[in-house]
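Peer 1: structure for this input, please:
(chains A and B)
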Amino acid sequence: MVVDPVEAIIRRYRSDPTYLIQILREIQEALGYITPAAIDELEIGLKVPRTRIESAASFYSFLDLKPAGRYRIRFSDNITDRMLGNMALLERMCGQLWVERGKVSEDGLVSVDTTSCTGMCDQGPAILVNGRAVTRLTAGRVDAICDLVRGATPLDAWPAEFFHVDDNIRRCDALMDSHLGSGDALRSALDRSPQDLIREIGTAGLRGRGGAGFPAGRKWEACRNAPGDAHYVVCNADEGEPGTFKDRVLLTTRAGLVIEGMTLCAYAIGARRGFIYLRGEYRYLLDRLHEQLAARRRNGLLGAAIMGQVGFDFDIEIHVGAGAYVCGEESALIESLEGKRGTPRNRPPFPVTCGYLDQPTVVNNVETFAATTLVAHHGGAWYAAIGTAGSAGTKLLSVAGDCERPGIYEYPWGVTVARVLDDCGAAGAQAVQIGGPSGVCIGTSEFGRRIAFEDLPTAGAFMVFDQGRDMFEVARNFAHFFAHESCGFCTPCRVGTSLLRNLMDKLHNGHGSLHDFDEIKRLNGLLRSMSHCGLGHTACNPVLDTIARFPAAYERRLLHKEFTPAFNLDWALEPARRITHRDDAAAHFDDAGEARAS
Amino acid sequence: MSATFTIDGREIPFTDGQTIIQAALDADVYIPHLCHHPDFPPHGSCKLCTVKVNGRQTASCTRRAEAGMIVESNTPELNAERRALTQMLFVEGNHFCPSCEKSGNCQLQGTAYQLQMMSPRYDHFYPNRSVDASHPDFLLDFNRCILCSLCVRASRDVDGKNVFALGGRGIGTRLIVNAKSHRLADTAFAVGDKAAEVCPVGAILGKRVGFAVPIGERTFDRKPAADWVDSRLTDQD
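Peer 2: Reported below is the predicted structural model:
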């Protein structure tokens, strides 16, 4: 008997439309794309209108409503991948496979395109093949992949080393050095009341590691005190900020601490269900994480009556994202968990009172949960003594770019940028992007500044650029990123990020004028004051930072200081030249708009 | 005595749970808006109604009124930003007012006049969008859609039909309809639907109506947008 995969998937998720994104992802894995016939079945099976399904599916980059090739290849397009030569490799692959970037080959075999940073910056250039991460791409590896694709070799038969992901842990401190065993932190916590645990977290001064730095103790307390039918714990593992990969390494090497931290939170706030929202790019970690959860259930650390404590029931499910940076915003993440488009909600109310299914919900970063185990075991005062007055504890940095030893570095908060540069072997740095595109870009004169909430807050990205790098191109890459990742809900961000991208392209093409700098500043004001969420608020940061610190990189683009028309007659002829296969002098205009004499 | 707050120095009464814009419109105080509609719950996407509350900018359609709030709205700074948002809406779509039956009754156009928008300012995107003329009674012109979601909400919450939704992401966000063929004719959309009345622009237009009211005598020809504090505008207004 032939089993209908869609029906089986719907049944496994108990026809529950809150699992829509998971259902769609699995349908895509089974069928290659989300077919119209599959949507017919979902309409009936989940009892939701077609619009609801298509509206959600079309939001996520990794879900396809049209055939996108049996091999769907996506090049990570962070600036660090660019610096490692990913564009030349992309062209090489397209040339060999006879496919145009962004299109599906005529035989339906393969498509090649770019995607936002896949979190492999320390071992790029990286790609995703049907969602699986391939690292350390070289020309040789591209050629081998092209052969495998042409031979229609199943992914499971590809050389295992293609999919090997290194941890690259370079420096350990309190968290990465912790020798806590499974259950140690829980045992310490269960000796005390939930309120005591929250008090310890507060005493520790632990602040959220996702970037915003909200005090974890206050969040937990507010959630505990919020009335609701149920309380939920959500681990934000949607590590989408370009240049950040420390959550990947934590989930690879210290998943036990993360899960235990979530369990501590459940104890503190009285939750019975928790979720790990794992970014789609880390899909390859899913099976391993499921094994860890299963092992903890066997050991009485998850499930009913945890550690024998009657009434302490808690379990965790994993939701896999599908390619949407904005889902790192906590309310957008919750929408996605509920099977919808990842549009940030209107706030207030905040998730602590009105989160998953409108119930009180704690959303914390992977690293935050891991750090709570240290607090629970060693006590708040012990933890507070690490780091600085305003930033307690340690921070994992994801170091990438122009340095000898990219990877994970853990420091007590307060470490100087210069120290990190020293440790990673980045002698010739001219700039560091701290906290990713939405963070801050600093130049050499500021390398004495400290990584701390009081000075340079960060979720962990630390991208190094040496003297040879063009900082304008760095900012342009980030402008493209924000335009690609804007959710499209609010006018200023939907249109403004595209306008900003277009302005940067205009400068890149040599058509910028001083007027465009004023336009960029004006757009920044608008994005900052009118946008619906942090994505729009910060979208101009990389451009403004680099204009302020590296003006020469911009001035070089201004061929004319005075007004320059955006329209270039010669470039406008380019499509016609391509169509007619001409490139002779008569097919060109010169700068003055005169046809060149042949 | 009921609680009050002020908008540009004028005292505005409000009832508990009202948003700033609801209280303002009830008091005949105009705050520019496109995605807000008094018959529907707060949405907050167009951001035109952004005001300053105690010095901080926030959408007045999603922010609840509180006693003693000091709200700034009709200021040159805010109006300049609102004008920029209007310009953004014009350049991201294809709005050719002279050939649009909605001209004169269009809230986008009326609001642009109100905000003294004189040029599109930004380069037009000229997106490639289609027109769906499949339905016997309605024309769906995606070129003019400003993604306010009013038809989505009306169809879902009032008509109970879910004819419309927003699909795509970012600048590729677009209106989609509830049919496997993606044609409006194959949906349950019908004359009398609330969703057929709420479009603030000319994206959803009734067929066989042309120049019933001559140009020059239409809604915003007679009164500027600010004088229509009630946003329930239809062709008949």
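Peer 1: report the contact partners of A:V234.
Peer 2: Counting by CB atoms under 8 Å, 6 or more residues apart in numbering or on different chains, A:V234 touches A:274-277, A:330, A:333-334, A:337, A:351, A:355-356, A:361-364. Placement of C-beta: from N, CA and C, glycine included.
Peer 1: helix or strand right after the helix or strand it falls within?
Peer 2: Assignment of secondary structure by DSSP states H and E places A:V234 within strand A:232-237. Next helix or strand after strand A:232-237 toward the C-terminus (DSSP H and E): helix A:246-253.
Peer 1: buried residues, that next one. List them.
Peer 2: Neighbour counts over helix A:246-253 (16 or more other CB atoms under 10 Å in any protein chain shown) mark A:K246, A:D247, A:R248, A:V249, A:L250, A:L251, A:T252 as buried.
Peer 1: now do stretch A:46-61
Peer 2: For stretch A:46-61, a neighbour-count test (16+ other CB under 10 Å) marks A:46, A:48-61 as buried.
Peer 1: residues making contact with the helix or strand containing A:E91?
Peer 2: A:E91 is part of helix A:86-97 when elements are defined by DSSP H and E. Outside helix A:86-97, the residues within contact range by CB under 8 Å, 6+ apart are A:73, A:75-77, A:100-101, A:105, A:109-110, A:112, A:114, A:124-125, A:137-139, A:142-143, A:145-146, A:149-150.
Peer 1: filter those down to the ones close to chain B.
Peer 2: Restricting these to those touching chain B (CB under 8 Å from any CB of the partner chain) yields no residues.
Peer 1: buried subset of those as a PyMOL selection?
Peer 2: Remark: buried members of the contacts of helix A:86-97, expressed as a PyMOL selection using 16+ other CB under 10 Å:
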select buried, chain A and resi 73+75+76+77+105+109+110+112+114+124+125+137+142+145+146+149
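Peer 1: which ones among the contacts of helix A:86-97 lie within strands?
Peer 2: Judged by DSSP state E, these include A:I73, A:F75, A:S76, A:V110, A:V112, A:T114 as members of strands.
Peer 1: looking at the contacts of A:V234, which one is closest to chain B?
Peer 2: Nearest to chain B among those: A:L333, at 15.4 Å, using CB to the nearest CB.
Peer 1: skip the chain neighbours and tell me the closest residue to the closest one.
Peer 2: Nearest-residue entry for A:L333: A:C327, 4.9 Å, with adjacent residues in sequence omitted and distances by CB to CB, 6 or more residues apart in numbering or on different chains.
Peer 1: same deal with B:G202?
Peer 2: Nearest residue to B:G202, sequence neighbours excluded (CB to CB, 6+ apart): B:K102, at 3.2 Å.
Peer 1: you'd agree that neighbour is in a helix?
Peer 2: No - assessed by DSSP: H, G, I helix; E, B strand; the rest coil, B:K102 does not belong to a helix; its assignment is coil.
Peer 1: measure it to chain A for me?
Peer 2: 19 Å (CB to the nearest CB, to the nearest Å).
Peer 1: wait, that residue touches B:I204, no?
Peer 2: No - B:K102 lies out of contact with B:I204 (CB atoms under 8 Å); the separation is 9.5 Å.
Peer 1: show me the strands in chain B, by range?
Peer 2: Using DSSP E, strands in chain B cover B:4-7, B:10-13, B:50-53, B:56-59, B:70-72, B:131-132, B:138-141, B:164-167, B:174-177, B:204-206.
Peer 1: winner for burial among those?
Peer 2: Stretch with highest mean neighbour count among these: strand B:164-167 (a mean of 25; mean count of other CB atoms under 10 Å in any protein chain shown).
Peer 1: give me the contact list for it.
Peer 2: Contact partners of strand B:164-167, identified using CB under 8 Å, 6+ apart, comprise A:49, A:51-52, A:54-55, A:58-59, A:341, A:488, B:147, B:149, B:151-152, B:155-156, B:173-178, B:195.
Peer 1: export the strands of chain B as CSV, with columns for mean pLDDT.
Peer 2: Output for the strands of chain B, formatted as CSV (pLDDT from 0 to 100):
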stretch, mean pLDDT
strand B:4-7, 97
strand B:10-13, 97
strand B:50-53, 97
strand B:56-59, 95
strand B:70-72, 97
strand B:131-132, 98
strand B:138-141, 98
strand B:164-167, 98
strand B:174-177, 98
strand B:204-206, 97
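Peer 1: inside helices: which ones of the contacts of strand B:164-167?
Peer 2: Among the contacts of strand B:164-167, the ones falling in helices (DSSP state H) are A:T51, A:R52, A:E54, A:S55, B:C151, B:V152.
Peer 1: need the contact list for A:G300.
Peer 2: Here A:G300 is in contact with A:I306, A:M307, A:G308 (criterion: CB under 8 Å, 6+ apart).
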